[in-house]
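Asks: I would like the atomic coordinates for the input below:
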Amino acid sequence: LGGAADPGAVRMSDTSVPLDPPTRRPKPGALTFDAPRRGKPPTHLADLDPAARRAAVTELGLPGFRAAQLSRHFFEHHTDDPAEMTDLPKASREELVARLLPSLLTPIRSIEADGGATTKSVWRLFDGALVESVVMRSPRRATVCISSQAGCGMNCPFCATGQEGLTRNLSTAEIVGQVVAANRLLRETADVVVDTDGAALGAEADDGAAPVDPVGPPRVTNVVFMGMGEALANYRAAIGAIRRLVDPAPDGLGMSARHLTMSTVGLVPGIDRLAGEGIPVTLALSLHAPGDELRDELVPINTRWKVDEAIDAARRYFEATGRRVSIEYALIKDVNDQAWRADLLGEKLTARGRGWVHVNPIPLNPTPGSRWTASRPGVEQQFVERLRAHGVPTTVRDTRGSDIDGACGQLAGIVSDHLEQVGTDEGLLDGEI
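Replies: Numbers count the residues shown, from 1 in each chain. Alright, predicted model coming up:
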């Protein structure tokens, strides 16, 4: 994942790999909860709890304590290279790594923007499915936006991923692997960082002012489940990944749960289930409209659970965890950006109390060929002011990577379209597209 820091610089993997054909696109408004049946990825150390890791190592004829050593290499040193694991027996090192640290993510394409502060990557999974992750550096935090599914079954019409349909759920290890890869990237590069005037991804989970470092943190500080997929529709793997992220080293990455953000379009049973896990992650509700008629169109899950039901679930989450909820609201020109909609949203949120919620309006990053586009700056500002007039804390979300197909699913969509047209990965690895 190392490479140049120039904006728009492209980095490719150095070997050709087979890619999976794209999933058939869903009909407008159709929801997909059950992922298509496909083969499972190889079992990885990150899929297992410490007891299961010891058992797996013992089955290979090694003492159980070798599991902790292997875990330390992966979760603390972020390596799966047996040559670097000199504390493991040389005779069994290769087999141990092959069995418990199988390669799950193959880099297909990686592009930089914002002077190297933003890196977007497309990964090929073991079966050819494609997913994206984005690393965003700032002086206060290093955030990685990760995918929980290949594709998405929620079918939001303004979202590139939603329009591609659901290919399959990711495993716990495939989710965790994106964070480990981000840590490797941060370790191997020293790119210039940029600060922003808006709220960067990960900021919704900050409890206070993080220390400023002109080169940014050396490892991931914040993780947001805002990449491809609806994480609560892949609940078991997503929760497993969260546990690996917060488990103390060497059992996991040792991150603070308060620096993890779980985004959802509003799967109410999933929100309530998450509230009962006892893990104080931040909840981000992708609302995008304060009324049912429009939200039925923009966020089809609203045909199952209405606006008020989703907001009520978010409020219950706050009551159960004490964590302030973030409301995500993509501002779409002449669709959902009217001042009266801001008033309605403000009224609905404050009717459930104050101090429990924060709103992040997000300038829409339009997808190619879409009729949706971002609101005008003046309209955006008025929307923010109307929310603040209701006493709702509101910060416009910083948008990164608009010049590198930065909206969720765009870059993977380009790769997928190329595959459909050409039938091979030719042109991907040498930057021709």
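Asks: quick check: pLDDT value at Lys339.
Replies: In this structure residue 339 is Ala, not Lys. For Ala339, the pLDDT comes out at 98.
Asks: same question for Asn155.
Replies: So, for Asn155, pLDDT stands at 94.
Asks: my guess is it contacts Phe33, does it?
Replies: No - using CB atoms under 8 Å, Asn155 is not in contact with Phe33, being 11.2 Å away. For the C-beta atoms, the positions are set from N, CA and C on the backbone; glycine is no exception.
Asks: higher neighbour count, those two?
Replies: Asn155 (24 against 12; other CB atoms under 10 Å).
Asks: what sits against the more buried one?
Replies: 26, 28-32, 162-163, 165, 300 (CB atoms under 8 Å, 6 or more residues apart in numbering).
Asks: buried subset of those residues?
Replies: The neighbour count (16 or more other CB atoms under 10 Å) marks 26, 31-32, 162-163, 165, 300 as buried among the contacts of Asn155.
Asks: wait, Leu260 sits on Thr282?
Replies: Yes - in terms of CB under 8 Å, Leu260 counts as a neighbour of Thr282; the distance is 6.9 Å.
Asks: for the stretch 151-300 of the chain, which spans come out with low pLDDT?
Replies: Within the stretch 151-300 of the chain, the ranges that satisfy pLDDT under 70 run 190-215.
Asks: all strands for it, in order.
Replies: Counting by DSSP state E, counting those that start in this stretch, the segments of the stretch 151-300 of the chain that form strands are 166-169, 222-225, 260-264, 282-286.
Asks: what angle separates the last one from strand 260-264?
Replies: Read it as strand 282-286. 30 degrees (axes from the mean of the first three to the mean of the last three CA atoms, to 10 degrees).
Asks: paired strands for strand 282-286, with orientation please.
Replies: Taking DSSP bridges as the criterion, strand 282-286 sits next to strand 260-264 (parallel), strand 325-331 (parallel) in its sheet.
Asks: now render these as CSV, adding mean neighbour count and distance to Ala339.
Replies: Converted to CSV, the strands paired with strand 282-286 look like this (neighbours: other CB atoms under 10 Å; distance: least, CB to CB, whole Å):
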stretch, mean neighbour count, distance to Ala339
strand 260-264, 24, 26
strand 325-331, 24, 12
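Asks: which among those is found nearest to Thr350?
Replies: strand 325-331 (12.2 Å; CB to CB).
Asks: gap between that closest one and the chain center?
Replies: Chain-centre distance of strand 325-331: 15 Å, with CA atoms, centre = their mean, to the nearest Å.
Asks: how about stretch 39-49?
Replies: For stretch 39-49, the distance to the chain centre is 19 Å (CA atoms, centre = their mean).
Asks: what's the mean pLDDT across that stretch?
Replies: Computed over stretch 39-49, the average pLDDT equals 97.
Asks: Ser133 and Val307, how far apart?
Replies: 30 Å (CB to CB, to the nearest Å).
Asks: three-state assignment of Arg109?
Replies: The assignment at Arg109 comes out as strand when based on DSSP: H, G, I helix; E, B strand; the rest coil.
Asks: bridging residues for it?
Replies: If you apply DSSP bridges, the partners that Arg109 bridges to are Met12, Val122.
Asks: now for it, how many residues are close by?
Replies: 25.
Asks: check Leu48 too.
Replies: Leu48 has 20 nearby residues by other CB under 10 Å.
Asks: turn the buried ones among the contacts of Asn155 into CSV, including distance to Arg99.
Replies: Below are the buried ones among the contacts of Asn155 laid out as CSV (distance: CB to CB, whole Å):
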residue, distance to Arg99
Pro26, 38
Leu31, 38
Thr32, 34
Gly162, 37
Gln163, 39
Gly165, 34
Pro300, 42
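Asks: just the C-alpha atoms of the longest helix seen in the chain, please, in PDB.
Replies: Ranked by residue count, the top helix of the chain under DSSP state H comes out as helix 172-188. The C-alpha trace of helix 172-188 is given here as PDB (Å, rounded to 0.1, in the frame of the first residue of the first chain):
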ATOM      1  CA  THR A 172     -15.200 -10.800  10.800                       C
ATOM      2  CA  ALA A 173     -11.600 -11.200   9.600                       C
ATOM      3  CA  GLU A 174     -12.300  -9.500   6.200                       C
ATOM      4  CA  ILE A 175     -13.700  -6.500   8.100                       C
ATOM      5  CA  VAL A 176     -10.900  -6.400  10.700                       C
ATOM      6  CA  GLY A 177      -8.300  -6.900   7.900                       C
ATOM      7  CA  GLN A 178      -9.200  -3.500   6.400                       C
ATOM      8  CA  VAL A 179      -8.200  -1.800   9.700                       C
ATOM      9  CA  VAL A 180      -5.000  -3.800   9.900                       C
ATOM     10  CA  ALA A 181      -4.200  -2.800   6.300                       C
ATOM     11  CA  ALA A 182      -4.800   0.900   7.300                       C
ATOM     12  CA  ASN A 183      -2.400   0.600  10.100                       C
ATOM     13  CA  ARG A 184       0.200  -0.800   7.700                       C
ATOM     14  CA  LEU A 185      -0.400   2.100   5.400                       C
ATOM     15  CA  LEU A 186       0.100   4.600   8.200                       C
ATOM     16  CA  ARG A 187       3.200   2.900   9.300                       C
ATOM     17  CA  GLU A 188       4.800   2.700   5.900                       C
END
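Asks: any buried residues in it, and which?
Replies: Neighbour counts using 16+ other CB under 10 Å place 172-186 of helix 172-188 among the buried residues.
Asks: in the stretch 51-200 of the chain, which spans are helices?
Replies: With DSSP state H, counting those that start in this stretch as the criterion, the stretch 51-200 of the chain has helices at 66-71, 90-100, 160-164, 172-188.
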